[in-house]
Each structure stands twice: as structure tokens, then as C-alpha cells.
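1. Give me a 3D structure for the following:
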Amino acid sequence: MSLERVRDILAEADRHGTAVLAFDAMNYAMIAAAVQGAAAAKRPVIVMLYPEMAGYVSLEGFLALVKEQARQVRIPVGIHLDHCSDFAYIVRALKAGFPSVMADGSLLPLDENIAFTASVVRTAKAFGADVEGELGHVGKAANEGDYIVSDLYTPVEEARVFAEATGVTALAIAFGSAHGNYTRPPKLDITRLKKINQAVKTPLVLHGGSGIPKEQLTEAFHNGINKFNVGTEFSYLNQKYTGQYFEQEMERDGACGHVEYAREKLSAYIAEKCRLTTCTAEPGTTGNSLEEIL
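-> Modelled structure (predicted):
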């Protein structure tokens with residue numbers, strides 16, 4: 001089994017001066033593709049569950065599917081609960097066995113965000129789990145102002161205060177990205193990223209990864225981003241390939257063939273995406289395996 005702690009995977013990425021890709025997944029085809037595609041590229045990967053996807057797969061079911069796939073590969077695989085602002089749901093995830101969770105208090109005032117995130121960190125410690133926090137406004141890509149108005153970006157000094165006060169193991173920041181499909185290509189504020197990276201020791205996370213130009217991603221990875229989240233693009237491709245199967249292939253391969261059809265095409269996409277990074281750590285090099293814990 002190659003399940004490893006997210007904190008250790010990110011630390012290894014930081015040592016390589018690069019990032020590890022993290023994908024939101026909600027069914028077998030997406031989960032299998034995330035792990036198998038990363039393995040084909042010989043890259044670590046983090047598989048995430050977005051709370052809104054819990055209607056399609058339970059916390060326990062998600063964990064079981066990722067563990068099954070992780071047993072079949074030799075790359076480090078991390079498990080993470082993505083954006084969650086509900087303390088009770090985070091506790092449910094921790095009790096279910098999630099070794100890493102995101103406490104999203106980004107819409108709260110700074111002091112309330114710190115208090116909320118710190119409370120999750122204290123709770124997560126009882127489970128030996130990692131916590132990602134968020135500071136700044138990573139909004140919706142459909143709203144152009146959400147990613148071009150620099151007033152919404154993470155302030156450097158606040159990032160330092162937040163990281164020290166909460167004790168998070170990863171920090172998502174805003175510096176020109178947004179969730180969803182962009183109305184025009186974003187322009188990441190690399191200067192701000194560099195300053196935040198100098199101000200905090202915590203691994204930094206880039207959200208809103210669908211549609212950011214490759215050159216900007218490479219620069220971000222070289223300047224402090226250690227975790228890169230991809231959700232919208234991956235989800236849309238899953239829908240595209242599933243629909244494509246029923247339109248073009250069902251008569252030949254039957255009603256159940258769409259799972260393997262989508263998995264195969266999504267795996268190729270994941271492998272290509274993972275090659276944006278240069279971290280090729282072998283399992284066990286990032287720290288203690290989670291085999292005995294999970």
C-alpha cells in the first residue's frame with residue numbers, strides 16, 4: 001500500500017521545488033484514473049472528496065475506493081477532504097478515517113477564520129490528521145472580478161499571522177486564480193506568491209487550477225506552490241467521456257462499458273497533467289506509510 005500522509009507528500013514536493021497535483025473525484029472511474037494516471041507518470045497524487053460530491057459517494061465508500069487503488073501502485077497517494085466550512089462534517093470525515101481535511105473559513109473575517117481553523121487543527125490532532133486552511137478570496141472564475149481584483153488576494157502579513165496562529169499543515173492562498181472555467185486567461189501574481197512563500201514556512205496551495213496557462217503554473221510551482229488542485233476540468237472530462245461512450249460505443253460494448261471507457265481516457269489526461277510537476281518520490285520516502293493507520 002502506498003498511502004502516505006499529505007504533509008509528507010507536500011514536504012517532498014517542497015524539497016523538489018515543485019507541486020503535487022490533487023484531483024477532486026466522486027466515482028470509481030475518476031478515483032481509479034487519478035491514481036493509475038499518476039502512477040503511469042510516476043508522480044505522487046492526492047485524491048480529494050469535495051463535500052458536494054458526497055451525494056454520489058459516501059465518506060467511507062470514497063476511502064475504500066482510494067485505498068483499493070493505492071494498493072495497486074507504487075507511488076505515494078494522499079487522501080484529502082476538500083473545501084469544507086462545516087465543523088460537524090469535518091469531524092464526521094475525521095471519524096470515518098480521512099487523514100487530511102480542509103477547514104475553509106475564507107469567507108470569514110480574519111479573526112474568525114483563525115478561530116475556526118485553529119479549532120479544526122486542535123480536533124484533527126486527536127486523529128493524527130493534517131489540516132489545510134485558506135486565506136484570501138479564491139472565488140468563481142465566471143466572475144472576472146474574483147480573480148483580477150488584487151484587493152481580494154491574500155495579504156502577505158496576514159498569511160504569516162494566520163499560519164502561525166492556526167498551525168495548519170498547508171495554506172491555500174489567493175493570488176489570481178478562481179474556481180471553475182475562466183472568462184479570460186488569469187494572470188497569477190507571482191510577486192505576491194514569492195513574498196508569501198518567504199513569510200511562511202507552511203506549504204502553499206493553489207486552488208482553481210482548471211485553465212491556468214502552463215507557463216504560469218510552472219512559475220508558481222517554482223516559487224512556493226506545493227499542492228495544485230484540479231476539479232472542474234476533471235469533472236467535465238468525466239461527463240464528456242461518459243456521454244461520448246453512450247453516443248458512440250454502447251452498441252458495441254454494452255451498457256456497462258462506460259466505466260472502463262471513461263477511466264482509460266481520464267487516466268491519460270491525469271498522466272499528462274501530472275507531468276507538469278517534477279516530483280517523482282518513491283513510496284516511503286515522504287515519511288511514514290499510513291498502511292497501519294488506515
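
2. any idea which helix or strand comes after the worst-scoring helix or strand of the chain on mean pLDDT?
-> Lowest on mean pLDDT, DSSP states H and E among the helices and strands of the chain sits helix 145-148, with a mean of 64. Following the chain from helix 145-148 toward its C-terminal end, the next helix or strand by DSSP states H and E is helix 156-166.

3. chain center to that next one: distance?
-> Taking the mean C-alpha point of helix 156-166 and that of its whole chain, the gap between them comes to 21 Å (C-alpha atoms, centre = their mean, to the nearest Å).

4. ok, now stretch 195-213?
-> The answer for stretch 195-213 is 12 Å, by C-alpha atoms, centre = their mean.

5. Need the CA coordinates for it. CSV is fine.
-> Backbone C-alpha positions of stretch 195-213 (Å, rounded to 0.1, in the frame of the first residue of the first chain) are rendered in CSV as follows:
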residue,chain,number,x,y,z
LYS,A,195,6.5,37.2,-0.8
ILE,A,196,4.1,34.9,0.9
ASN,A,197,6.4,32.0,0.4
GLN,A,198,9.2,33.9,2.1
ALA,A,199,6.9,34.9,5.0
VAL,A,200,5.5,31.5,5.9
LYS,A,201,7.1,28.0,6.2
THR,A,202,3.8,26.2,5.5
PRO,A,203,3.4,24.5,2.1
LEU,A,204,1.2,26.7,-0.1
VAL,A,205,-1.8,25.5,-2.2
LEU,A,206,-3.2,26.8,-5.5
HIS,A,207,-6.9,26.4,-6.0
GLY,A,208,-8.8,27.0,-9.2
GLY,A,209,-6.4,25.1,-11.4
SER,A,210,-8.6,24.4,-14.4
GLY,A,211,-7.5,26.6,-17.3
ILE,A,212,-4.4,28.3,-15.9
PRO,A,213,-1.7,28.6,-18.6
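
6. Let me see the mean pLDDT of it.
-> Along stretch 195-213, the predicted confidence averages to a pLDDT of 92.

7. buried ones in it?
-> Going by neighbour count (16 or more other C-beta atoms under 10 Å), the buried part of stretch 195-213 is 195-197, 199-200, 202-212. Every C-beta, even on glycine, is put in place using the N, C-alpha and C of the backbone.

8. go on, stretch 128-147?
-> Within stretch 128-147, the residues that qualify as buried by neighbour count (16+ other C-beta under 10 Å) are 129-139, 141, 146-147.

9. cool, and stretch 173-184?
-> Under the neighbour-count criterion of 16+ other C-beta under 10 Å, stretch 173-184 has 173-180, 182 buried.

10. Show the contacting residues for Cys84.
-> Contacts of Cys84 were listed using C-beta atoms under 8 Å, 6 or more residues apart in numbering, and they are 51, 90, 93, 101-104.

11. ditto for Gly78
-> Contacts of Gly78 (C-beta under 8 Å, 6+ apart): 3-6, 9, 20, 22, 44-47, 99-100.

12. can you pick the most crowded of these?
-> For the contacts of Gly78, neighbours were counted by other C-beta atoms under 10 Å; the highest total belongs to Pro44, with 32 neighbours.

13. in terms of contact, does it touch Asp8 like I think?
-> No: Pro44 lies out of contact with Asp8 (C-beta atoms under 8 Å); the separation is 9.7 Å.

14. Ramachandran coordinates for Val138?
-> When quoted as degrees, to the nearest 10, the phi and psi of Val138 stand at phi -100, psi 90.

15. quick one: contacts for it?
-> Contacts for Val138 (C-beta under 8 Å, 6+ apart) come out as 106, 146, 172, 174, 177-179, 207-208.

16. So of the residues you listed, which two are at opposite extremes in space?
-> Using C-beta to C-beta, the two most remote members of these are Asp146 and Ala172, lying 14.6 Å apart.

17. Among the contacts of Cys84, which lie within strands?
-> Taking DSSP state E, the ones among the contacts of Cys84 that sit in strands are 101-103.

18. which of these has the most neighbours?
-> The most neighbours of any of the ones in strands among the contacts of Cys84, using other C-beta under 10 Å, belong to Met102, which has 29 neighbours.

19. partner residues bridging that residue?
-> Counting by DSSP bridges, Met102 forms beta bridges with Glu132.

20. And it, how far from Val168?
-> In this structure, Met102 lies at 9 Å from Val168, with C-beta to C-beta, to the nearest Å as the measure.

21. Please identify every residue contacting each of these two.
-> What both Met102 and Val168 touch, as defined by C-beta under 8 Å, 6+ apart, is the set 131-133.

22. if we can go back for a sec, of the buried residues of stretch 128-147, closest to His83?
-> Closest approach between these and His83, by C-beta to C-beta: Glu134, at 7.8 Å.

23. residues in contact with Ile196?
-> With contacts defined as C-beta under 8 Å, 6+ apart, Ile196 is in contact with 154, 156, 159, 173, 175, 204, 224.
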